[in-house]
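# sequence unknown, structure follows:
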C-alpha cells in the first residue's frame, strides 16, 4: 500500500478532476481522488477505468491532506476551504491542473484571462494560429481541460484561464499573457474586488510578453515585470501600439499609424468587438503571427454563439443573444458596444443569480437603454439599482420577460439578452438560456 506522503490527492471529480486522475494514473503515480459530494459526476468512471486510484467521497479527509505529496485542486473549490487551508499551512503544495499542464507543456503558451471577452479572444487567436499553419491546441476554461491538450506535435497552446484556475497557478511561464479587462465578478467567492483582481494577475508570472489594454488600467501587471509590453486600445495608436485610426471618415484597425483593416469589414460588430479584434492582433503579434495572416482571419471570423450574437429581426427590431454576459462588466460592454450603432434604443433583458454583484455599475451605460426587463432571483436588486435612471419592469418568468421586451421595443430598437447574472436559478447553463431566447425569437 502506498504511503500517504507519496500520493497526489486530486480534489473534485468533475471534468477537470477526471483529466488530472487520468494524467497521473497513466504515468503510474499513486493517486487518491476526493470529492465533497457523495456521487460526483465521474466517480464511477474512475472506479471502472482506474481501479488502483483510491476514492474518498462525501467530504475531505483533512488528516490525509496535511501529509500527502501534493494536492491538485479543481477550480470549483477555493483554497480557503478549511481542510485545504490547513494543508497549505502544513507546507503541502496546492496547485491546479493548469500548473501541472504548464510544467509538462513543451510548446509556447498564450494565456488569456479577463472578466469578459476571453472566450471570443481565445477562439480568435486560435483561429489566427490555425490559419497561419500552426498545429494549435485551444482549451483550458474554454472547452478541453488543459491536461487533455498535451501533445508532442503541438506548436502553440492558446489557453483561456479563469481566476479560479489562476489561483492555483503560481508559475505559468507563458510566451504571451494578457488580462483583457477587469470588472467585479465572483464576489460570492472572493472577500473583495481586489482579491479577485490579484488572482487574475497570476497569469503574468514568468511570462515573456505582456499584452495590456490601454482602456483598462487594471489590465496592466500589478508587479514590475521584465516582460516585453504590447498595448491595444480604442484610441489612436502610438508607435508599437494597436488601436483605431481614422481615414477618410472611416475607422480602421491599426498598428502605429498603419491602417490594417476597415472596421466595416469585420463581421463582429460593436466597439467591444473592435477591442476584441485589437486584443487578438496584439496577442498574435506577441506570439509571432504575421499581420497579413491575422487580418485574413479577422475578415472571416463570425463571433461566438451567446456572445452578443445577432439572432434575428422582427418588425424592425433586432434581437441579440448575449447570454454569456454573466456579470455586470460583460453586460456593460455589450450595451456600450451596440448602443452607438443603433438608430433606436436598447431594451435590456437582465436577471438571474448576480453572484453578489453591484448592479449600479450599469448606470453609466443606461444612456443607451430605454427599458430594462428584470427577471430571476436578483430582479429586485436590479430594479433597486437602476430604477429612477431608466424604466425597469419586473417579470416573474423568463417567457414573460421576453413578451414584455417585445411589447416595449419599436422599429430601430434592439432587444438585448445580456443578463449580468449567472443562469442557474432558472436554466441548466448560459447556453440553455441563450437557446431558449433564440427559439423565442425564431417563433415570432
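Sure, I can see it. It should be emphasised that the depicted structure is a prediction, and the values quoted were computed from it without experimental measurement.

# spatially central residue for this protein, please.
By C-alpha atoms, centre = their mean, the chain has its centre lying nearest to residue 118, at 4.4 Å.

# list the contacts for that one?
Counting by C-beta atoms under 8 Å, 6 or more residues apart in numbering, residue 118 touches 112, 141, 142, 160, 161, 180. Any C-beta I mention is one placed from the backbone N, CA and C, and that applies to glycine too.

# confidence-wise, which of the residues you listed comes last?
By pLDDT, residue 142 ranks lowest within the contacts of residue 118, coming in at 82.

# residues near that residue, how many?
19 (other C-beta atoms under 10 Å).

# quick check: closest non-adjacent residue to residue 66.
Computed as C-beta to C-beta, 6 or more residues apart in numbering, the closest residue to residue 66 that is not its neighbour in sequence is residue 90, at 4.5 Å.

# got it, and residue 254?
Going by C-beta to C-beta, 6+ apart, residue 254 has residue 245 as its nearest residue, at 3.8 Å.

# equivalent analysis for residue 317, please.
residue 409 (4.5 Å).

# again, but for residue 353
Nearest one to residue 353, counting by C-beta to C-beta, 6+ apart, is residue 422 at 4.3 Å.

# hmm, that neighbour is touching residue 356, no?
No. Judged on C-beta atoms under 8 Å, residue 422 makes no contact with residue 356 at a distance of 10.7 Å.

# just among the contacts of residue 118, which is most surrounded?
residue 112 (32 neighbours).

# number of residues surrounding residue 163?
Neighbours of residue 163 (other C-beta under 10 Å): 26.

# what score does it have for pLDDT?
91.

# now residue 251
In this model, residue 251 carries a pLDDT of 93.

# immediately after whichever strand or helix holds it, which helix or strand?
Applying DSSP states H and E as the criterion places residue 251 in strand 250-255. Proceeding N to C from strand 250-255, the next assigned helix or strand is strand 258-262, under DSSP H and E.

# and that next one with strand 250-255, angle?
130 degrees (axes from the mean of the first three to the mean of the last three C-alpha atoms, to 10 degrees).

# which strands border strand 258-262, and is each parallel or antiparallel?
Strand 258-262 pairs in its sheet with strand 250-255 (antiparallel), by DSSP bridges.

# and the contacts of the partner strand?
Under C-beta under 8 Å, 6+ apart, the answer for strand 250-255 is 237, 240-246, 259-264, 266, 274, 277-278, 281, 285, 291, 295, 298.

# okay, and which of these map to strands?
242, 243, 244, 245, 246, 259, 260, 261, 262 (DSSP state E).

# now distance to residue 223, neighbour count and pLDDT too, for the residues you listed, in JSON lines please.
Listed next are the ones in strands among the contacts of strand 250-255 as JSON lines, based on distance: C-beta to C-beta, whole Å; neighbours: other C-beta atoms under 10 Å; pLDDT from 0 to 100:
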{"residue": "242", "distance to residue 223": "24", "neighbour count": "25", "pLDDT": "98"}
{"residue": "243", "distance to residue 223": "26", "neighbour count": "24", "pLDDT": "98"}
{"residue": "244", "distance to residue 223": "30", "neighbour count": "20", "pLDDT": "97"}
{"residue": "245", "distance to residue 223": "32", "neighbour count": "18", "pLDDT": "96"}
{"residue": "246", "distance to residue 223": "36", "neighbour count": "11", "pLDDT": "92"}
{"residue": "259", "distance to residue 223": "35", "neighbour count": "16", "pLDDT": "95"}
{"residue": "260", "distance to residue 223": "32", "neighbour count": "18", "pLDDT": "96"}
{"residue": "261", "distance to residue 223": "34", "neighbour count": "19", "pLDDT": "97"}
{"residue": "262", "distance to residue 223": "39", "neighbour count": "14", "pLDDT": "95"}
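
# out of the residues you listed, which is nearest to residue 337?
Nearest to residue 337 among those is residue 244, at 13.5 Å by C-beta to C-beta.

# contacts only, for that closest one.
Contacts of residue 244 by C-beta under 8 Å, 6+ apart are 234, 235, 236, 237, 251, 252, 253, 254, 263, 274, 278.

# how about residue 324: what's its closest non-neighbour residue?
residue 306 (4.4 Å).

# Three-state assignment for the one you found, please.
Of the three states, residue 306 takes coil according to DSSP: H, G, I helix; E, B strand; the rest coil.

# for it, give me its contacts.
Taking C-beta under 8 Å, 6+ apart, one finds 321, 322, 323, 324, 430, 431, 434 in contact with residue 306.

# follow-up on the earlier one: tell me the angle the strand holding residue 251 makes with strand 242-247.
Using the same axes, to 10 degrees: strand 250-255 against strand 242-247 is 140 degrees.

# distance from the chain centre to strand 250-255, please.
What separates the centre of strand 250-255 from the centre of its chain is 26 Å, taken as C-alpha atoms, centre = their mean, to the nearest Å.

# how is the chain divided into domains?
4-95, 99-300, 309-442 (automatic domain parsing).

# surely residue 117 touches residue 181?
Yes. With contact defined as C-beta under 8 Å, residue 117 and residue 181 form a contacting pair (6.9 Å).

# quickly list what's touching both of those two.
The contact lists of residue 117 and residue 181 share residue 333, where a contact means C-beta under 8 Å, 6+ apart.

# all helices for the chain, in order.
For the chain, applying DSSP state H gives helices covering 15-26, 43-49, 62-65, 82-89, 97-104, 118-131, 163-167, 193-200, 271-286, 291-300, 328-338, 379-386, 398-408, 430-442.

# of these, which approaches residue 364 most closely?
Of these, nearest to residue 364 by C-beta to C-beta is helix 328-338, at 7.8 Å.

# okay, angle between that closest one and helix 379-386 too, please.
Going by the same axes, to 10 degrees, helix 328-338 makes 60 degrees with helix 379-386.
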